[in-house]
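Novice: kindly return the folded structure for what I paste below:
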Amino acid sequence: MDRHPIGPRTAPRPALSPNPALAALAGAVLVAGGFLFRIGWDAPISAFSAVDPLQHRIFLTVWGFGVALLAFGIFRWAIPAVPTISRRWYVAYMGLLTGVALGSLPWSSYDAVFLYQVWWTGPLAVGLVALHDGGLIAARASRFRSPPPAR
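Specialist: Numbers count the residues shown, from 1 in each chain. Below is the predicted model:
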């Protein structure tokens, strides 16, 4: 048996190797999000409905930050040496995204604006929920698991 003056020797954890496919996916998410952001930024908002361009651009800015957060999270899966972002930041961002999406929606005429806010916000929110350690729902459900049996 191998004895060590401080205690038993343990083998160091094997280093996780980078995953180039996930890194490429993170880049694709960032490029696609940037493309949609640019299209949305230059869109003729007055043609859609009576939307204030400032509100529209505030929504796009918050949405673009979420795309960057999603791409960083996927990149984190790809390269394990990259530090993690706390779950609290994801939850705070989800609240901010929901508030901005509802706050910038023109409730008097929400036809076209409602569609792009739903079609752009929904997949982003689902991706962020699924991203962090099996998702926020799984993290909440893990609190209700029974404790390990006593030895």
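Novice: may I ask which helix or strand of this structure has the lowest mean pLDDT?
Specialist: When the helices and strands of the chain are scored by mean pLDDT, DSSP states H and E, helix 136-142 comes last with a mean of 46.
Novice: following the helix or strand harbouring residue 99, which helix or strand comes up?
Specialist: Using DSSP states H and E, the element containing residue 99 is helix 87-103. As assigned by DSSP H and E, the chain's next helix or strand after helix 87-103 is helix 111-131.
Novice: what packs against that following helix?
Specialist: Counting contacts by 3 or more C-beta pairs under 8 Å, 6 or more residues apart in numbering; DSSP states H and E, helix 111-131 is packed against helix 20-42, helix 45-48, helix 53-78, helix 87-103. Backbone N, C-alpha and C define where each C-beta goes, glycine included.
Novice: lowest-confidence stretch among the ones you listed?
Specialist: Ranked by mean pLDDT, the helices and strands packed on helix 111-131 bottom out at helix 45-48, which scores a mean of 60.
Novice: residue 60 contacts residue 41, correct?
Specialist: Yes. If you go by C-beta atoms under 8 Å, residue 60 and residue 41 touch, sitting 5.8 Å apart.
Novice: of those two, which one has the most company?
Specialist: More crowded of residue 60 and residue 41, by other C-beta atoms under 10 Å: residue 60, with 21 against 14.
Novice: and the more buried one, what does it touch?
Specialist: For residue 60, the contacting residues are 37, 40-41, by C-beta atoms under 8 Å, 6 or more residues apart in numbering.
Novice: try residue 96
Specialist: Neighbouring residues of residue 96 by C-beta under 8 Å, 6+ apart: residue 62.
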